[in-house]
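Engineer: Provide a 3D model corresponding to the input given below.
(one chain, ligands or ions: 2)
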Amino acid sequence: MSMQITDVDVLVTSPGRNYVIVRIETAGGLVGWGDATLNGRELAVRSYLQDHLAPLLLGRDASRIGDIWSYLYKGAYWRRGPVTMTSISGIDQALWDILGKAAGMPVFQLLGGRARDRLMAYPHASGLTVEASIASVAARLEEGYRAVRVQAAVPGLLTTYGIHRGGGSYEPAKSSLPEEEAWDTPAYLDFVPKLLAAVRNELGFGFNLLHDVHHRLSPTEAGALGRSLEPSRLYWMEDATPAEDQSAFALVRAHTTTPLAVGEVFNSIWDCQQLITSRSIDYIRCATTHTGGITHMRRVLALAELYGVRSGLHGPSDVSPVGMAANVHLDLAIPNFGVQEFMGYPEATAEVFTTSYRLVGGHLEIDDDVPGLGVDVDLDAASRYPYDRKYLPVNRLLDGSVHDW
Ligand code: GCO
Ligand code: MG
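Structural biologist: Ligands and ions are numbered 1, 2, ... in the order given. From the prediction side, this is the model:
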(Lines give C-alpha, C1' and ligand atoms only; values in the text may rest on other atoms or scores of the structure.)
(Ligands and ions follow the chains in the order given, each with its own letter.)
Protein backbone atom coordinates (compact mmCIF):
# COMPACT_ATOMS: atom_id res chain seq x y z
CA MET A 1 0.00 0.00 0.00
CA SER A 2 1.48 3.35 -0.99
CA MET A 3 2.17 5.60 1.99
CA GLN A 4 2.87 8.62 -0.20
CA ILE A 5 1.16 11.75 1.12
CA THR A 6 -1.28 13.06 -1.48
CA ASP A 7 -3.33 15.57 0.46
CA VAL A 8 -3.01 17.80 3.55
CA ASP A 9 -6.08 19.73 4.70
CA VAL A 10 -6.71 21.99 7.66
CA LEU A 11 -10.14 22.30 9.14
CA VAL A 12 -11.24 24.98 11.61
CA THR A 13 -14.55 24.14 13.25
CA SER A 14 -16.39 25.43 16.28
CA PRO A 15 -18.86 22.88 17.72
CA GLY A 16 -19.20 24.75 21.03
CA ARG A 17 -15.59 25.96 20.86
CA ASN A 18 -12.88 26.33 18.21
CA TYR A 19 -10.73 23.43 17.01
CA VAL A 20 -8.01 23.22 14.35
CA ILE A 21 -7.83 19.75 12.82
CA VAL A 22 -5.31 18.38 10.31
CA ARG A 23 -6.33 15.74 7.76
CA ILE A 24 -3.63 13.87 5.83
CA GLU A 25 -4.39 11.38 3.09
CA THR A 26 -2.07 8.85 1.43
CA ALA A 27 -2.07 7.41 -2.11
CA GLY A 28 -3.13 4.09 -0.57
CA GLY A 29 -6.31 5.80 0.69
CA LEU A 30 -5.47 6.01 4.40
CA VAL A 31 -6.63 9.11 6.26
CA GLY A 32 -4.98 10.41 9.43
CA TRP A 33 -6.30 13.08 11.83
CA GLY A 34 -4.26 15.40 14.05
CA ASP A 35 -5.10 18.16 16.52
CA ALA A 36 -3.51 21.60 16.11
CA THR A 37 -5.80 23.68 18.33
CA LEU A 38 -4.17 26.70 19.95
CA ASN A 39 -6.80 28.46 22.02
CA GLY A 40 -7.25 32.08 20.93
CA ARG A 41 -4.66 31.91 18.10
CA GLU A 42 -6.30 29.28 15.86
CA LEU A 43 -5.94 31.07 12.53
CA ALA A 44 -2.20 31.62 12.95
CA VAL A 45 -1.80 27.85 13.23
CA ARG A 46 -4.06 27.27 10.26
CA SER A 47 -1.94 29.57 8.11
CA TYR A 48 1.33 28.01 9.33
CA LEU A 49 -0.04 24.59 8.38
CA GLN A 50 -1.72 25.53 5.11
CA ASP A 51 0.74 28.06 3.77
CA HIS A 52 4.03 26.72 5.10
CA LEU A 53 3.86 23.01 6.02
CA ALA A 54 1.38 21.44 3.58
CA PRO A 55 3.57 22.19 0.50
CA LEU A 56 6.52 20.45 2.20
CA LEU A 57 4.59 17.24 2.83
CA LEU A 58 3.08 16.35 -0.51
CA GLY A 59 4.83 13.34 -2.02
CA ARG A 60 6.64 12.32 1.18
CA ASP A 61 6.45 8.86 2.74
CA ALA A 62 3.95 9.15 5.62
CA SER A 63 5.66 6.33 7.53
CA ARG A 64 8.87 8.34 7.99
CA ILE A 65 7.45 10.12 11.00
CA GLY A 66 10.71 10.92 12.81
CA ASP A 67 12.31 12.22 9.66
CA ILE A 68 9.34 14.45 8.84
CA TRP A 69 9.36 15.73 12.43
CA SER A 70 13.03 16.72 12.24
CA TYR A 71 12.56 18.20 8.78
CA LEU A 72 9.77 20.47 10.01
CA TYR A 73 11.51 21.34 13.31
CA LYS A 74 15.08 21.88 12.14
CA GLY A 75 14.13 22.91 8.63
CA ALA A 76 12.26 26.01 9.79
CA TYR A 77 15.48 27.43 11.27
CA TRP A 78 13.20 29.36 13.70
CA ARG A 79 12.56 26.65 16.24
CA ARG A 80 9.96 26.11 18.96
CA GLY A 81 7.16 28.48 19.92
CA PRO A 82 3.49 27.58 20.36
CA VAL A 83 2.38 28.21 16.76
CA THR A 84 5.20 26.16 15.22
CA MET A 85 5.03 23.32 17.74
CA THR A 86 1.24 23.07 17.64
CA SER A 87 1.37 22.92 13.85
CA ILE A 88 4.04 20.20 13.90
CA SER A 89 1.93 18.36 16.46
CA GLY A 90 -1.09 18.32 14.17
CA ILE A 91 0.99 16.75 11.40
CA ASP A 92 2.72 14.31 13.75
CA GLN A 93 -0.52 13.03 15.29
CA ALA A 94 -2.02 12.51 11.82
CA LEU A 95 1.07 10.50 10.76
CA TRP A 96 0.88 8.25 13.85
CA ASP A 97 -2.83 7.79 13.10
CA ILE A 98 -1.95 6.69 9.57
CA LEU A 99 0.82 4.36 10.75
CA GLY A 100 -1.57 2.68 13.19
CA LYS A 101 -4.19 2.29 10.47
CA ALA A 102 -1.56 0.81 8.11
CA ALA A 103 -0.49 -1.67 10.81
CA GLY A 104 -4.09 -2.40 11.86
CA MET A 105 -3.17 -1.49 15.45
CA PRO A 106 -4.07 1.22 17.93
CA VAL A 107 -1.24 3.73 18.41
CA PHE A 108 -0.64 2.60 22.00
CA GLN A 109 0.44 -0.80 20.61
CA LEU A 110 3.01 0.90 18.41
CA LEU A 111 4.29 2.72 21.52
CA GLY A 112 4.96 -0.54 23.33
CA GLY A 113 1.50 -1.69 24.36
CA ARG A 114 -0.60 -1.23 27.46
CA ALA A 115 1.24 -0.52 30.70
CA ARG A 116 -2.16 -0.30 32.47
CA ASP A 117 -5.79 -1.20 31.84
CA ARG A 118 -7.34 2.23 32.33
CA LEU A 119 -6.37 5.78 33.23
CA MET A 120 -7.27 7.73 36.33
CA ALA A 121 -8.85 10.96 35.09
CA TYR A 122 -9.55 14.19 36.92
CA PRO A 123 -12.35 16.66 36.14
CA HIS A 124 -12.89 20.22 37.33
CA ALA A 125 -15.11 21.11 40.28
CA SER A 126 -15.93 24.68 41.25
CA GLY A 127 -18.43 26.98 42.89
CA LEU A 128 -19.27 30.54 43.81
CA THR A 129 -18.98 29.64 47.50
CA VAL A 130 -17.00 27.13 49.55
CA GLU A 131 -20.21 25.14 50.14
CA ALA A 132 -21.00 25.04 46.42
CA SER A 133 -17.45 23.91 45.64
CA ILE A 134 -17.65 21.11 48.20
CA ALA A 135 -20.94 20.00 46.65
CA SER A 136 -19.34 20.09 43.21
CA VAL A 137 -16.42 17.88 44.37
CA ALA A 138 -18.88 15.51 46.07
CA ALA A 139 -20.86 15.21 42.83
CA ARG A 140 -17.68 14.30 40.94
CA LEU A 141 -16.77 11.65 43.50
CA GLU A 142 -20.28 10.29 43.15
CA GLU A 143 -19.65 9.91 39.40
CA GLY A 144 -16.69 7.66 40.24
CA TYR A 145 -13.72 10.03 39.93
CA ARG A 146 -10.80 9.33 42.27
CA ALA A 147 -9.15 12.69 41.58
CA VAL A 148 -10.77 16.12 41.40
CA ARG A 149 -9.48 19.66 40.81
CA VAL A 150 -11.26 22.29 42.90
CA GLN A 151 -11.48 26.06 42.45
CA ALA A 152 -13.83 28.58 44.10
CA ALA A 153 -14.65 32.24 43.68
CA VAL A 154 -12.34 34.35 45.86
CA PRO A 155 -14.47 36.53 48.18
CA GLY A 156 -14.25 40.19 47.21
CA LEU A 157 -13.16 39.53 43.61
CA LEU A 158 -15.68 39.90 40.79
CA THR A 159 -14.08 37.16 38.71
CA THR A 160 -11.91 34.15 39.52
CA TYR A 161 -10.12 31.76 37.19
CA GLY A 162 -12.00 28.47 36.86
CA ILE A 163 -15.40 29.80 37.99
CA HIS A 164 -18.46 30.41 35.89
CA ARG A 165 -20.37 33.40 37.27
CA GLY A 166 -23.70 31.86 36.40
CA GLY A 167 -22.68 28.64 38.15
CA GLY A 168 -22.60 26.53 34.94
CA SER A 169 -19.59 24.85 33.36
CA TYR A 170 -16.51 27.01 32.90
CA GLU A 171 -15.04 27.84 29.49
CA PRO A 172 -12.36 30.53 29.64
CA ALA A 173 -12.27 31.60 25.96
CA LYS A 174 -15.74 33.05 25.71
CA SER A 175 -15.75 36.51 24.16
CA SER A 176 -14.88 37.96 20.76
CA LEU A 177 -12.47 40.37 22.45
CA PRO A 178 -10.65 39.55 25.71
CA GLU A 179 -12.60 40.06 28.92
CA GLU A 180 -10.63 41.74 31.68
CA GLU A 181 -10.52 40.01 35.04
CA ALA A 182 -9.39 41.43 38.37
CA TRP A 183 -6.85 39.78 40.64
CA ASP A 184 -5.73 40.32 44.21
CA THR A 185 -3.02 38.02 45.55
CA PRO A 186 -3.56 38.69 49.30
CA ALA A 187 -7.28 37.88 49.02
CA TYR A 188 -6.47 34.65 47.18
CA LEU A 189 -3.73 33.58 49.61
CA ASP A 190 -6.05 34.16 52.53
CA PHE A 191 -8.89 32.18 51.00
CA VAL A 192 -7.45 29.10 49.30
CA PRO A 193 -6.06 27.25 52.36
CA LYS A 194 -9.52 27.62 53.96
CA LEU A 195 -11.22 26.28 50.82
CA LEU A 196 -9.06 23.17 50.59
CA ALA A 197 -9.22 22.51 54.34
CA ALA A 198 -13.02 22.74 54.16
CA VAL A 199 -13.12 20.23 51.28
CA ARG A 200 -10.97 17.76 53.25
CA ASN A 201 -13.02 18.37 56.40
CA GLU A 202 -16.29 17.56 54.67
CA LEU A 203 -15.18 14.86 52.24
CA GLY A 204 -12.10 13.34 53.87
CA PHE A 205 -8.78 12.18 52.46
CA GLY A 206 -9.91 9.16 50.47
CA PHE A 207 -9.42 10.77 47.05
CA ASN A 208 -6.85 12.88 45.21
CA LEU A 209 -7.40 16.62 45.51
CA LEU A 210 -5.85 19.08 43.04
CA HIS A 211 -5.76 22.86 42.74
CA ASP A 212 -4.67 25.19 39.90
CA VAL A 213 -2.97 28.49 40.81
CA HIS A 214 -2.79 29.45 37.11
CA HIS A 215 0.64 31.15 37.17
CA ARG A 216 -0.30 34.02 39.46
CA LEU A 217 2.16 33.94 42.39
CA SER A 218 5.77 34.88 42.98
CA PRO A 219 8.03 31.98 44.07
CA THR A 220 7.97 33.19 47.67
CA GLU A 221 4.18 33.49 47.71
CA ALA A 222 3.88 30.08 46.08
CA GLY A 223 6.22 28.53 48.65
CA ALA A 224 4.16 30.00 51.48
CA LEU A 225 0.91 28.81 49.89
CA GLY A 226 2.31 25.31 49.37
CA ARG A 227 3.32 25.17 53.00
CA SER A 228 -0.09 26.30 54.22
CA LEU A 229 -1.73 23.61 52.03
CA GLU A 230 0.36 20.75 53.41
CA PRO A 231 -2.29 19.67 55.96
CA SER A 232 -4.76 19.23 53.04
CA ARG A 233 -2.32 16.80 51.37
CA LEU A 234 -2.88 17.80 47.76
CA TYR A 235 -2.13 15.51 44.83
CA TRP A 236 -0.63 18.63 43.28
CA MET A 237 -0.52 22.41 43.28
CA GLU A 238 -0.52 23.41 39.60
CA ASP A 239 1.25 26.31 37.85
CA ALA A 240 2.17 27.99 41.11
CA THR A 241 4.29 30.62 39.43
CA PRO A 242 4.76 31.81 35.80
CA ALA A 243 6.08 28.75 33.99
CA GLU A 244 8.77 30.28 31.79
CA ASP A 245 11.03 30.93 34.79
CA GLN A 246 12.25 27.38 35.38
CA SER A 247 14.57 28.18 38.29
CA ALA A 248 11.67 29.73 40.25
CA PHE A 249 10.33 26.25 40.91
CA ALA A 250 13.45 25.28 42.85
CA LEU A 251 12.62 28.11 45.23
CA VAL A 252 9.02 26.96 45.65
CA ARG A 253 10.27 23.41 46.15
CA ALA A 254 12.67 24.53 48.89
CA HIS A 255 9.74 25.87 50.93
CA THR A 256 7.13 23.15 50.70
CA THR A 257 6.47 19.43 50.35
CA THR A 258 3.19 20.04 48.48
CA PRO A 259 3.72 18.28 45.11
CA LEU A 260 4.20 20.64 42.16
CA ALA A 261 2.85 20.34 38.62
CA VAL A 262 3.53 22.54 35.60
CA GLY A 263 3.73 22.43 31.81
CA GLU A 264 0.46 23.29 30.05
CA VAL A 265 2.00 26.33 28.31
CA PHE A 266 5.22 24.53 27.33
CA ASN A 267 5.92 23.47 23.78
CA SER A 268 9.25 21.63 23.87
CA ILE A 269 11.54 19.51 25.99
CA TRP A 270 13.76 22.57 26.41
CA ASP A 271 11.00 24.33 28.36
CA CYS A 272 11.08 21.65 31.05
CA GLN A 273 14.61 20.26 30.89
CA GLN A 274 15.86 22.20 33.91
CA LEU A 275 12.64 21.68 35.88
CA ILE A 276 12.87 17.92 35.42
CA THR A 277 16.60 17.37 35.80
CA SER A 278 16.76 19.54 38.95
CA ARG A 279 13.85 17.54 40.40
CA SER A 280 11.93 20.79 41.01
CA ILE A 281 8.56 19.31 39.98
CA ASP A 282 6.56 16.13 40.54
CA TYR A 283 4.26 16.18 37.48
CA ILE A 284 4.79 17.32 33.91
CA ARG A 285 1.64 18.64 32.31
CA CYS A 286 2.24 19.46 28.65
CA ALA A 287 -0.44 18.68 26.06
CA THR A 288 0.60 16.41 23.20
CA THR A 289 -1.15 18.95 20.94
CA HIS A 290 1.13 21.83 21.95
CA THR A 291 4.39 19.93 22.31
CA GLY A 292 5.23 18.71 18.81
CA GLY A 293 2.95 15.68 18.93
CA ILE A 294 3.53 12.11 20.02
CA THR A 295 7.09 12.02 18.67
CA HIS A 296 8.28 14.86 20.91
CA MET A 297 6.00 14.34 23.92
CA ARG A 298 7.33 10.80 24.19
CA ARG A 299 10.83 12.22 24.72
CA VAL A 300 9.62 14.65 27.38
CA LEU A 301 7.97 11.77 29.23
CA ALA A 302 11.06 9.58 28.92
CA LEU A 303 13.25 12.34 30.38
CA ALA A 304 10.70 12.79 33.17
CA GLU A 305 10.79 9.09 33.99
CA LEU A 306 14.54 9.24 34.65
CA TYR A 307 13.93 11.81 37.39
CA GLY A 308 10.84 10.30 38.99
CA VAL A 309 8.50 12.88 37.44
CA ARG A 310 5.08 11.53 36.47
CA SER A 311 2.60 12.63 33.81
CA GLY A 312 -0.52 14.72 34.20
CA LEU A 313 -1.11 15.68 30.59
CA HIS A 314 -3.13 18.78 29.84
CA GLY A 315 -6.69 17.90 28.90
CA PRO A 316 -8.85 21.04 28.82
CA SER A 317 -11.74 21.49 26.38
CA ASP A 318 -9.33 23.39 24.13
CA VAL A 319 -7.41 20.20 23.33
CA SER A 320 -9.71 18.56 20.75
CA PRO A 321 -10.90 14.93 21.10
CA VAL A 322 -8.15 14.04 18.58
CA GLY A 323 -5.47 15.58 20.81
CA MET A 324 -7.06 13.95 23.84
CA ALA A 325 -6.76 10.60 22.07
CA ALA A 326 -3.05 11.28 21.49
CA ASN A 327 -2.71 11.94 25.25
CA VAL A 328 -4.59 8.74 26.06
CA HIS A 329 -2.45 6.50 23.81
CA LEU A 330 0.74 7.88 25.39
CA ASP A 331 -0.67 7.61 28.93
CA LEU A 332 -1.48 3.94 28.36
CA ALA A 333 2.00 3.01 27.21
CA ILE A 334 4.39 5.00 29.43
CA PRO A 335 5.75 3.66 32.72
CA ASN A 336 5.43 6.99 34.57
CA PHE A 337 1.72 7.79 34.16
CA GLY A 338 0.21 9.88 36.97
CA VAL A 339 -3.24 11.16 36.03
CA GLN A 340 -5.03 12.48 32.92
CA GLU A 341 -6.94 15.76 33.04
CA PHE A 342 -10.37 15.43 31.43
CA MET A 343 -12.30 18.69 31.48
CA GLY A 344 -15.04 17.44 29.14
CA TYR A 345 -16.48 19.01 25.97
CA PRO A 346 -19.43 21.12 24.85
CA GLU A 347 -22.27 18.85 23.71
CA ALA A 348 -21.99 19.70 19.99
CA THR A 349 -18.40 18.41 19.95
CA ALA A 350 -19.76 14.86 19.89
CA GLU A 351 -21.54 15.59 16.58
CA VAL A 352 -18.15 16.16 14.93
CA PHE A 353 -15.84 13.69 16.72
CA THR A 354 -16.32 10.04 17.66
CA THR A 355 -13.60 8.43 19.76
CA SER A 356 -12.52 4.91 20.71
CA TYR A 357 -11.72 6.14 24.22
CA ARG A 358 -14.48 6.79 26.72
CA LEU A 359 -14.97 7.83 30.29
CA VAL A 360 -16.14 5.01 32.58
CA GLY A 361 -16.71 5.94 36.21
CA GLY A 362 -13.91 8.50 36.42
CA HIS A 363 -11.41 6.48 34.37
CA LEU A 364 -10.56 6.64 30.67
CA GLU A 365 -10.75 3.38 28.78
CA ILE A 366 -10.01 2.65 25.14
CA ASP A 367 -10.95 -0.08 22.67
CA ASP A 368 -8.26 -2.60 21.73
CA ASP A 369 -9.44 -3.16 18.20
CA VAL A 370 -9.65 0.34 16.68
CA PRO A 371 -6.51 1.14 14.68
CA GLY A 372 -4.66 4.45 14.78
CA LEU A 373 -5.74 7.14 17.23
CA GLY A 374 -9.32 5.85 17.01
CA VAL A 375 -11.00 9.19 16.25
CA ASP A 376 -13.37 9.86 13.37
CA VAL A 377 -14.25 13.35 12.20
CA ASP A 378 -17.59 14.06 10.50
CA LEU A 379 -16.82 16.74 7.90
CA ASP A 380 -20.47 17.60 7.25
CA ALA A 381 -21.09 18.17 10.92
CA ALA A 382 -17.88 20.21 11.19
CA SER A 383 -19.00 22.49 8.34
CA ARG A 384 -22.16 23.35 10.29
CA TYR A 385 -19.92 25.02 12.93
CA PRO A 386 -17.75 27.75 11.35
CA TYR A 387 -14.88 29.46 13.18
CA ASP A 388 -16.05 31.81 15.88
CA ARG A 389 -13.34 34.19 17.15
CA LYS A 390 -12.83 33.84 20.92
CA TYR A 391 -10.14 35.16 23.24
CA LEU A 392 -8.93 34.09 26.66
CA PRO A 393 -9.31 36.77 29.36
CA VAL A 394 -6.60 39.21 30.39
CA ASN A 395 -5.89 39.75 34.07
CA ARG A 396 -5.30 43.02 35.91
CA LEU A 397 -4.35 43.77 39.50
CA LEU A 398 -6.65 46.08 41.45
CA ASP A 399 -4.42 49.06 40.56
CA GLY A 400 -4.96 48.37 36.84
CA SER A 401 -1.63 46.80 35.94
CA VAL A 402 -1.59 43.71 33.74
CA HIS A 403 -0.90 40.50 35.65
CA ASP A 404 -0.44 36.85 34.62
CA TRP A 405 -3.78 35.23 33.75
C1 GCO B 1 -6.16 23.53 32.92
C2 GCO B 1 -5.92 24.86 32.34
C3 GCO B 1 -6.88 25.31 31.30
C4 GCO B 1 -6.40 26.61 30.64
C5 GCO B 1 -6.84 26.63 29.23
C6 GCO B 1 -6.40 27.87 28.49
O7 GCO B 1 -5.53 23.27 33.93
O8 GCO B 1 -6.91 22.79 32.34
O9 GCO B 1 -5.44 25.78 33.24
O10 GCO B 1 -8.19 25.39 31.74
O11 GCO B 1 -6.86 27.72 31.32
O12 GCO B 1 -6.33 25.50 28.58
O13 GCO B 1 -6.69 27.73 27.13
MG1 MG C 1 -4.06 24.60 34.45
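Engineer: Which residues of the stretch 151-300 of the chain lie near ligand 1?
Structural biologist: Along the stretch 151-300 of the chain, the residues adjacent to ligand 1 under the rule Cβ under 6 Å from any ligand atom are 172, 212, 214, 264. Where C-beta positions appear, they are placed from N, C-alpha and C, glycine not excepted.
Engineer: Report the separation between the residue in the stretch 301-405 of the chain positioned nearest to ligand 1 and residue 71.
Structural biologist: Distances between the stretch 301-405 of the chain and ligand 1 by Cβ to the nearest ligand atom are smallest at residue 316, namely 3.6 Å. In this structure, residue 316 and residue 71 are 30 Å apart, going by Cβ to Cβ, to the nearest Å.
Engineer: what's the neighbour count on residue 335?
Structural biologist: 12 (other Cβ atoms under 10 Å).
Engineer: cool, and residue 175?
Structural biologist: Residue 175 - counted by other Cβ under 10 Å - has 11 other residues nearby.
Engineer: Residue 316 and residue 71: which is more packed in?
Structural biologist: residue 316 (21 against 16).
Engineer: Does that one touch residue 343 like I think?
Structural biologist: Yes - counting by Cβ atoms under 8 Å, residue 316 touches residue 343, with 4.7 Å between them.
Engineer: any weak-confidence spans in this structure?
Structural biologist: 167-168 (pLDDT under 70).
Engineer: Give me the residue at the spatial middle of it.
Structural biologist: The centroid of the chain falls nearest to residue 314 when counting by Cα atoms, centre = their mean (2.1 Å).
Engineer: Would you mind measuring from that residue to residue 50?
Structural biologist: 25 Å.
Engineer: Likewise for residue 228?
Structural biologist: 49 Å.
Engineer: Counting neighbours, go ahead and name the busier of these two.
Structural biologist: When neighbours are counted by other Cβ under 10 Å, residue 228 and residue 50 differ, and residue 228 comes out ahead with 18 against 15.
Engineer: Could I get the phi/psi values of that one?
Structural biologist: Per-residue torsions, residue 228: phi -70, psi -20 (degrees, to the nearest 10).
Engineer: need the contact list for residue 230.
Structural biologist: Contacts for residue 230 were tallied using Cβ atoms under 8 Å, 6 or more residues apart in numbering; they are 256-258.
Engineer: Try it again at 10 Å.
Structural biologist: For residue 230, the contact set (Cβ atoms under 10 Å, 6 or more residues apart in numbering) comprises 193, 256-258.
Engineer: re earlier: what sits in contact with each of residue 316 and residue 343?
Structural biologist: 124, 170-171, 324.
Engineer: Ignoring the adjacent residues along the chain, who's closest to residue 351?
Structural biologist: Excluding its sequence neighbours, the residue lying closest to residue 351 (Cβ to Cβ, 6 or more residues apart in numbering) is residue 381, at 4.4 Å.
Engineer: Same question for residue 138.
Structural biologist: Distances taken as Cβ to Cβ, 6+ apart put residue 203 closest to residue 138, at 6.1 Å, once the chain neighbours are dropped.
Engineer: for residue 155, same thing?
Structural biologist: Nearest to residue 155 is residue 191, by Cβ to Cβ, 6+ apart, at 6.2 Å.
Engineer: For the host helix or strand of the one you found, what is the distance to the chain centroid?
Structural biologist: Assigned by DSSP states H and E, residue 191 belongs to helix 185-203. Taking Cα atoms, centre = their mean, to the nearest Å, one finds the center of helix 185-203 at 25 Å from the center of the full chain.
Engineer: Using the three-state scheme, assign the closest residue to ligand 1 within the stretch 1-150 of the chain.
Structural biologist: Scanning the stretch 1-150 of the chain for the residue nearest ligand 1 gives residue 39, at 3.7 Å (criterion: Cβ to the nearest ligand atom). Following DSSP: H, G, I helix; E, B strand; the rest coil, the label given to residue 39 is coil.
Engineer: who are the neighbours in contact with it?
Structural biologist: With Cβ under 10 Å, 6+ apart, residue 39 has these contacts: 17-20, 82, 86, 172-173, 290, 316-319, 390-392.
Engineer: Please list the members of those that lie in helices.
Structural biologist: Counting by DSSP state H, the contacts of residue 39 place 82, 86 in helices.
Engineer: Scan the contacts of residue 39 and report the most crowded one.
Structural biologist: The contacts of residue 39, ranked by neighbours (other Cβ under 10 Å): first place residue 19, 31 neighbours.
Engineer: Spatially nearest residue to that one, not counting backbone neighbours?
Structural biologist: Nearest residue to residue 19, sequence neighbours excluded (Cβ to Cβ, 6+ apart): residue 320, at 4.2 Å.
Engineer: number of nearby residues for residue 252?
Structural biologist: Neighbours of residue 252 using other Cβ under 10 Å come to 27.
Engineer: so it sits right up against residue 237, yeah?
Structural biologist: Yes - under the criterion of Cβ atoms under 10 Å, residue 252 makes contact with residue 237 at 8.5 Å.
Engineer: Identify the contacts common to these two.
Structural biologist: 217, 222, 225-226, 258, 260, 262.
Engineer: sorry, back to before: wait, a helix at the residue nearest to residue 351?
Structural biologist: Yes - applying three-state DSSP, one finds residue 381 inside a helix.
Engineer: Let me know whether it touches residue 15 as I believe.
Structural biologist: Yes - contact criterion Cβ under 10 Å: residue 381 and residue 15 qualify, at 7.2 Å.
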